[in-house]
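[1] The sequence and its predicted three-dimensional model are supplied below.
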Amino acid sequence: MRKLQYEDLPLKVYKALKEMILRGELKSGQKLQQEKLAEALGVSRTPLLTAFSKLERELLIEIQPRRGAFVRHFGRKELLDIYDLRIRLEPLGAGEAAENGTARQIGELRKLLDAFKKAALNNETGRISEDDYLIHMKITEMSGNQFLYQMVSNFNIIVIANLEGFPKDYRVSIEEHEALFKAIQDHDSETAEAMMREHLISSREIIAKSFT
């Protein structure tokens, strides 16, 4: 793990910890050992605690009195609620991405899809979750709807959705991402919106059946 420079240190610590949670390096329910994390990141406990506070507000960790900080665990009901939000918000983003996405943005999305496919075929669990997050955030960004992007980003609904494990068979997810990409590339907003909705609904159904 690389040492962090001082400039805007609490923000850098926050980003590093969020990335570790996203990749599964810090797992759901895991206690965050302050001394070990501070040493690994090359920082004091002060910026670490500031980052903890921000991550707690974003629902990614929880701080328990006299016990410490933990990566937050989400139960079945909470995950289903998160997917209900995604199903309502992200299809809007996909449809608008098909309408507004530029050639450059479509090229960037293509690269993210290729990275996801490579990680999936190599069974790189941490990379899979991170690349999936980047794909969905890129599509939301391509919508051009800044309010939508901020809502999806600030409330971490994509991160939380995968925090208890990536729900879908990787091969199925690759196929669905490819179909969604084609609709966006073709500027077919109606199909892009429908594909995103189906993509998320199927993941919700898997969680409803398998998570306890």
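    Received it, and whenever you're ready, just let me know what you need. In this text the structure is predicted, and so the values were computed from the model without any measurement.

[2] list the buried ones in the longest helix out of those in the chain?
    For the chain, the longest helix by residue count, based on DSSP state H, is helix 76-100. For helix 76-100, burial by neighbour count (16 or more other C-beta atoms under 10 Å) applies to 78-79, 82-83, 85-87, 89-98. From N, CA and C alone the C-beta is placed, and that goes for glycine too.

[3] continuing past it, what's the next helix or strand?
    Following helix 76-100 in sequence order, the next helix or strand is helix 103-121 (DSSP states H and E).

[4] Please identify the buried residues of that following helix?
    Neighbour-count burial for helix 103-121 [16+ other C-beta under 10 Å]: 105-106, 108-109, 112-113, 115-117, 119-120.

[5] Ok, stretch 199-208 next?
    For stretch 199-208, burial by neighbour count (16+ other C-beta under 10 Å) applies to 199-200, 203-204, 207.

[6] gap between the residue nearest the centre of the chain and residue 26?
    The centroid of the chain falls nearest to residue 159 when counting by C-alpha atoms, centre = their mean (3.2 Å). Using C-beta to C-beta, to the nearest Å, residue 159 is found at 12 Å from residue 26.

[7] likewise residue 121?
    In terms of C-beta to C-beta, residue 121 sits 25 Å off from residue 26.

[8] One more: residue 160?
    14 Å.

[9] Kindly report the same for residue 191.
    Taking C-beta to C-beta, one finds residue 191 at 37 Å from residue 26.
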